[in-house]
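> whatever this is, show me its structure:
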Amino acid sequence: MAEYVGAVDQGTTSTRFMVFDHGGNEVGRHQLEHQQILPQAGWVEHNPVEIMERTNSVIRTTMGKLGLQASDLVALGITNQRETAVVWDKRTGRPYYNAIVWQDTRTDRIASALEREGKGDLIRHRAGLPPATYFSGGKIQWILENVDGVREAAERGDAVFGNTDSWLIWNLTGGPDGGVHVTDVTNASRTMLMDLETLQWDDELLALFGIPRQMLPEIRSSSEPQGYGRTTAQGPFQGEVLITGDLGDQQAATVGQVCFAPGEAKNTYGTGNFMLINTGTELVRSKAGLLTTPAYKFGDQPVVYALEGSIAVTGSAVQWLRDQLGIISGAAQSEALARQVEDTGGVYFVPAFSGLFAPYWRSDARGAIVGLSRFNTNAHVARATLEAICYQSKDVADAMEKDSGVHLEVLKVDGGVTANDLCMQIQADVLGVPVSKPVVAETTALGAAYAAGLAVGFWKDTDELRANWNEDKRWEPHWSDDQRAKGYAGWQKAVQRTLDWVDVD
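Numbering: from 1, shown residues only. You can find the predicted model right below:
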């Protein structure tokens with residue numbers, strides 16, 4: 001009898017495949033990075049073919065290491081970097097262009113034109129999102145307008161679009177030979193093209209971007225008892241596995257952190273930071289710069305909504321210290337360097353490399369290090385980088401409290417940066433609430449596995465998932481209220497210095 005669930009986690013910098021048992025414990029994994037393609041300032045791309053090859057490779061390696069067959073997996077879940085847009089030829093399976101990544105800012109003219117023409121409020125109301133370079137709609141429009149032949153192919157029905165979940169599912173289920181073209185409500189909600197209430201593509205929104213409806217995948221639930229399709233014998237599993245879970249990465253982490261009750265919140269620390277608070281089956285429209293988004297939809301149950309605060313640059317700011325500045329040799333060294341000083345010595349670093357996301361939504365902002373004096377060292381800059389991660393999360397937490405009326409009692413955290421003990425302590429200090437990390441830190445892959453397993457009855461219900469959650473570590477706040485207020489006032493002042501830096505047409 002099959003006793004495991006598989007999960008593909010296709011992220012911004014790497015792809016991993018993980019296998020979980022009934023207790024929600026990791027049984028095995030393999031992970032591979034893919035190339036970050038940076039053709040010019042503000043442009044970020046991935047090669048979709050490389051991503052698919054990496055996906056096949058991590059699946060084959062993990063299954064081989066564990067000695068498992070396709071029949072050992074009860075189901076497969078997919079989770080993915082959201083908003084990263086792929087447009088491909090459904091006859092050949094070849095992409096027309098590289099995937100345009102969520103961090104890419106080339107569509108700022110499209111976003112600002114929508115705002116200027118008074119279309120912003122329609123998009124906010126219908127899709128729960130502000131017009132921004134972050135989301136997929138503008139990226140599809142850019143490809144249609146700038147890549148030869150794609151507009152005609154789309155009109156013919158040959159060019160199709162998907163976020164990376166759709167690209168993976170289509171390939172795993174046969175590609176040009178019968179591949180299934182689907183997505184789920186969480187991924188569809190990140191395009192600026194889906195109506196949050198009907199959970200369907202909206203003709204008026206499609207018209208704003210000039211996108212033919214036939215390009216788009218069918219929208220399904222995040223946990224699908226019938227499945228979206230089966231993997232093929234030619235694929236990496238070398239047999240049939242039913243794909244029953246599909247969630248954007250941050251919604252998957254919300255499920256993995258078992259935030260199933262209204263008011264429960266999690267913060268994922270990856271390339272960027274993403275904080276979500278469950279608002280139940282009620283659609284809460286943000287007035288404080290957050291996104292309204294589906295958290296998940298299990299089968300034919302009502303959709304559960306969330307408020308989300310998305311921060312573009314957090315973990316990638318630490319990578320920047322390593323790769324561009326060369327002041328650390330690895331992410332782990334950022335903690336050791338930052339610990340050499342008691343505080344930042346008055347330095348603030350606002351890493352607005354792609355503008356500022358929630359709650360500001362300012363594409364004209366750019367990164368700044370302020371408050372420098374000759375006294376400051378690379379240790380102060382390293383500590384300011386960790387504080388920037390935490391202050392950006394406070395911006396979002398405060399906006400959530402305004403919108404939802406719910407005061408955060410504890411923040412559940414996950415993702416790579418949670419291995420940085422100092423950063424998590426600063427986070428508790430800055431927020432003034434305890435920060436709690438679970439035993440299984442890979443909550444994104446776990447959430448995809450949970451969605452897949454729930455669909456086929458491997459787990460009975462969400463109560464059973466809740467029982468799997470165990471705390472690994474907790475950080476209690478140490479700063480005084482005065483210290484907290486003073487530090488945050490300095491941060492807000494620093495943010496103001498980054499605005500109006502780039503002229504957006």
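
> measure how far whichever strand or helix holds G64 is from the centre of its chain, please.
Per DSSP states H and E: G64 is located in helix 48-66. Its chain's average C-alpha position is 21 Å from that of helix 48-66, according to Cα atoms, centre = their mean, to the nearest Å.

> so for the following helix or strand past it, mean pLDDT?
Tracing the chain C-terminally past helix 48-66 and defining elements by DSSP H and E, one meets strand 73-80 next. Regarding strand 73-80, the rounded mean pLDDT is 98.

> and stretch 119-133, by the same measure?
Mean pLDDT, computed over stretch 119-133, is 93.

> quick check: end-to-end length of it?
End-to-end distance of stretch 119-133: 15 Å, with Cα to Cα, to the nearest Å as the criterion.

> what residues does it touch?
Taking contacts as Cβ atoms under 8 Å, 6 or more residues apart in numbering, the residues outside stretch 119-133 that touch it are 104-108, 110-112, 114-115, 135, 138, 189-196, 202, 204-205, 208, 283, 285-286, 289, 291-293, 354-355, 357, 361, 363. Any C-beta I mention is one placed from the backbone N, CA and C, and that applies to glycine too.

> now that we have those residues, which of them are buried?
Buried members of those, counted by 16 or more other Cβ atoms under 10 Å: 104-108, 110-112, 114-115, 135, 138, 189-196, 202, 205, 208, 286, 289, 291-293, 354-355, 357, 361, 363.

> among those residues, which ones are in helices?
The subset of these located in helices under the criterion DSSP state H comprises D108, I110, A111, S112, L114, E115, G138, L205, L208.

> okay if I get those residues as CSV plus pLDDT and distance to Q36?
Below are those laid out as CSV (pLDDT from 0 to 100; distance: Cβ to Cβ, whole Å):
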residue, pLDDT, distance to Q36
D108, 91, 20
I110, 95, 23
A111, 93, 22
S112, 91, 26
L114, 95, 28
E115, 92, 29
G138, 97, 20
L205, 97, 30
L208, 96, 30
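
> and those, which two are the farthest apart?
D108 and L205 (19.0 Å; Cβ to Cβ).

> count of neighbours near the closest residue to S373 other than its chain neighbours?
Closest residue in space to S373, ignoring its immediate chain neighbours: G346 at 6.9 Å, by Cβ to Cβ, 6 or more residues apart in numbering. The criterion is other Cβ atoms under 10 Å. On that basis, G346 has 14 neighbouring residues.

> one more: D463?
A count of neighbours around D463, defined by other Cβ under 10 Å, yields 10.

> and the gap between it and I100?
Relative to I100, D463 is positioned 40 Å away (Cβ to Cβ, to the nearest Å).

> quick one: mean pLDDT for the longest helix belonging to the chain?
Of all segments of type helix in the chain, defined using DSSP H, the longest is helix 378-404. Over the span of helix 378-404, the pLDDT mean works out to 94.

> immediately after it, which helix or strand?
If you walk from helix 378-404 toward the C-terminus, the next helix or strand you reach (DSSP H and E) is strand 411-414.

> what's the next helix or strand after that next one in contact with?
The C-terminal neighbour of strand 411-414 among helices and strands, as given by DSSP H and E, is helix 421-431. Counting by Cβ under 8 Å, 6+ apart, helix 421-431 makes contact with 269, 335, 338-339, 386-387, 389-391, 393-394, 397, 408, 411, 413, 417-418, 434-435, 437, 473, 475-479, 483-484, 487-488, all of which sit outside it.

> could you check the angle helix 421-431 makes with helix 378-404?
Between the axis of helix 421-431 and that of helix 378-404 there is an angle of 40 degrees, by axes from the mean of the first three to the mean of the last three Cα atoms, to 10 degrees.

> buried sites along helix 421-431?
Within helix 421-431, the residues scored as buried using 16+ other Cβ under 10 Å are L422, C423, M424, Q425, I426, Q427, A428, D429, V430, L431.

> shaky segments in the stretch 401-505 of the chain?
Under the criterion pLDDT under 70, the flagged ranges of the stretch 401-505 of the chain are 504-505.

> quick one on the thing from earlier: against which helices or strands is the helix holding G64 packed?
Judged by 3 or more Cβ pairs under 8 Å, 6 or more residues apart in numbering; DSSP states H and E, helix 48-66 is in contact with strand 4-10, strand 14-20, strand 26-33, helix 164-172.

> and those as CSV, adding mean pLDDT and distance to G67?
Supplementary listing: the helices and strands packed on helix 48-66 in CSV, determined by pLDDT from 0 to 100; distance: least, Cβ to Cβ, whole Å:
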stretch, mean pLDDT, distance to G67
strand 4-10, 98, 12
strand 14-20, 97, 11
strand 26-33, 96, 10
helix 164-172, 98, 21
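
> which among these is found nearest to A75?
Comparing those against A75 with Cβ to Cβ, the closest turns out to be strand 4-10 (5.6 Å).

> what pairs with the closest one, and is each one parallel or antiparallel?
Each strand that strand 4-10 pairs with, and the sense of that pairing, follows from DSSP bridges: strand 14-20 (antiparallel), strand 73-80 (parallel).

> deepest of those strands, which one?
Between the strands paired with strand 4-10, the one whose residues have the most neighbours on average, counting mean count of other Cβ atoms under 10 Å, is strand 73-80 (a mean of 29).

> tell me the mean pLDDT for the very next helix or strand once past it?
Scanning forward in sequence from strand 73-80, with DSSP H and E defining helices and strands, the next element found is strand 85-89. Taken as a whole, strand 85-89 has an average pLDDT of 98.

> what's the mean pLDDT across the helix or strand that comes right after strand 85-89?
Going down the chain from strand 85-89, the next helix or strand is strand 99-100, by DSSP H and E. Looking at strand 99-100 alone, the average pLDDT works out to 98.

> measure L216 to N171 for me?
With distances defined as Cβ to Cβ, the gap from L216 to N171 amounts to 17 Å.

> same question for V241.
Remark: distance between V241 and N171 (Cβ to Cβ) = 14 Å.

> which one's more surrounded, those two?
Neighbour count, other Cβ under 10 Å: between V241 and N171, V241 has more, with 26 against 23.

> phi, psi of the more buried one?
Torsion angles at V241 (phi, psi; degrees, to the nearest 10) stand at phi -130, psi 130.
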